[in-house]
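1. I'll drop the sequence and a predicted model, then ask my questions.
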Amino acid sequence: MLKLRVGGPRVLGGARRTFALVASQYNPNFVQGLVDHAATELMTVIPNSRLLLHQVPGAFEIPLIVQELAARAEQEINVVIALGVIIHGDTDHGELLSRTVTDALQQIALSNRIPIIHQVLSCRDEEQAKVRCLEAKYNRGTEAARAAIKMADLLDQLRA
């Protein structure tokens, strides 16, 4: 029987990886928490990795930059990580935005055959965003980095 490995990082000294982070500038304190945690995890697990940070005005702009990066991924980028925070208000705008970004990122990943880690969070309120972006226990930036590493490893194995 195969056992799933769960838990913290394992330090890899192998092939150099390039990770592109596309981060929204909207809700900057929360998004910066995601970026910081993702970068820390990536550099801890793969110390020789290269991180590229691309900032966009808001969540709606993330898919366009992800598409541009995905189009040239074979030459230089192993995984793209999309980071943003949408805090829902009294209108349907947050829900529409969340669905649009999610659908676009999935289509880009499938069309370009590159892992895109989706951590454009859809939060009910600032407290929920705080727990997921600033605190360590449930930090989605850390989770995004771990998923990125696993996907890069898996695709390398499948494509070898």
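-> On my side now, so go ahead.
2. Buried residues of stretch 93-113, list them for me.
-> In terms of neighbour count (16 or more other Cβ atoms under 10 Å), stretch 93-113 has its buried residues at 94, 97, 98, 101, 104, 105, 108, 109, 112. For every residue, glycine as well, the C-beta is placed using N, CA and C.
3. Quick check, central residue of this structure?
-> For the chain, residue 81 is the residue whose C-alpha lies nearest the centre (Cα atoms, centre = their mean; 2.7 Å).
4. Could you find the closest non-adjacent residue to that residue?
-> Excluding the flanking residues, the one nearest residue 81 by Cβ to Cβ, 6 or more residues apart in numbering is residue 117, at 4.5 Å.
5. check which helix or strand covers the residue nearest to the centre of the chain.
-> Assessed by DSSP states H and E, residue 81 sits inside strand 79-87.
6. Quick one: work out the angle between the helix or strand following that strand and strand 79-87.
-> Next along the chain after strand 79-87, taking DSSP H and E as the criterion, comes helix 93-112. Taking axes from the mean of the first three to the mean of the last three Cα atoms, to 10 degrees, one finds that helix 93-112 is oriented at 170 degrees with respect to strand 79-87.
7. CA atoms of helix 93-112 as CSV?
-> Extracted in CSV, the C-alpha atoms of helix 93-112 (Å, rounded to 0.1, in the frame of the first residue of the first chain):
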residue,chain,number,x,y,z
HIS,A,93,-18.8,41.5,-7.3
GLY,A,94,-16.5,39.4,-5.1
GLU,A,95,-18.2,36.2,-6.1
LEU,A,96,-18.1,37.1,-9.8
LEU,A,97,-14.5,38.1,-9.6
SER,A,98,-13.5,34.9,-7.8
ARG,A,99,-15.2,32.6,-10.3
THR,A,100,-13.8,34.5,-13.3
VAL,A,101,-10.2,34.3,-11.9
THR,A,102,-10.6,30.6,-11.0
ASP,A,103,-11.9,29.7,-14.4
ALA,A,104,-9.2,31.6,-16.3
LEU,A,105,-6.4,30.2,-14.2
GLN,A,106,-7.6,26.6,-14.8
GLN,A,107,-7.9,27.2,-18.5
ILE,A,108,-4.4,28.7,-18.7
ALA,A,109,-2.9,25.7,-16.9
LEU,A,110,-4.6,23.2,-19.1
SER,A,111,-3.9,25.0,-22.3
ASN,A,112,-0.2,25.6,-21.6
